[in-house]
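S.K.: 3D, please:
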Amino acid sequence: MANKADKKDKDRLISLATASELYGFNQAYLATLARKGRLKAIKPGNEWLTTPADVEDFISSRKRRGVYRDDIQVGD
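M.R.: A predicted model of the protein is given here:
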């Protein structure tokens with residue numbers, strides 16, 4: 001059942017600060033993407049929250065468009 005645990009881990013809410021550390025993006029860039037609706041995120045108070053799955057979806061969408069960073073790897 002490791003796959004189920006992996007799925008749950010990818011769906012946990014994380015701050016954009018955490019996402020920036022995990023994926024190598026600048027936190028302000030992620031916030032801009034969230035405000036523009038290009039990164040799925042919520043802002044329940046003063047802080048944006050997203051999930052690892054949503055960040056990886058954004059990265060994958062950039063790869064499909066041909067605009068991406070080679071140094072960022074998305075786990076399978």
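
S.K.: Please make it C-alpha for all contacts and neighbour counts, starting now.
M.R.: Will do.

S.K.: State the mean pLDDT of stretch 48-58.
M.R.: Regarding stretch 48-58, the rounded mean pLDDT is 96.

S.K.: can you pull the buried residues of that stretch?
M.R.: Using 16 or more other CA atoms under 10 Å as the test for burial, stretch 48-58 gives 48-56.

S.K.: Quick check: chain neighbours aside, which residue is closest to Thr51?
M.R.: Among residues not flanking Thr51 along the chain, Leu13 sits closest, at 4.8 Å (CA to CA, 6 or more residues apart in numbering).

S.K.: how many other residues sit next to the one you found?
M.R.: By the criterion of other CA atoms under 10 Å, Leu13 has 18 neighbours.

S.K.: which residues touch it?
M.R.: Residues near Leu13 by CA atoms under 8 Å, 6 or more residues apart in numbering: 49-52.

S.K.: Which residue is the nearest non-sequential neighbour of the residue nearest the centre of the chain?
M.R.: For the chain, the residue nearest the mean C-alpha position is Val55 (1.8 Å; CA atoms, centre = their mean). Counting by CA to CA, 6+ apart, Val55 lies nearest to Leu39, which is 6.8 Å off, once chain neighbours are set aside.

S.K.: Let me know the pLDDT of the one you found.
M.R.: Looking at Leu39, its pLDDT is 97.
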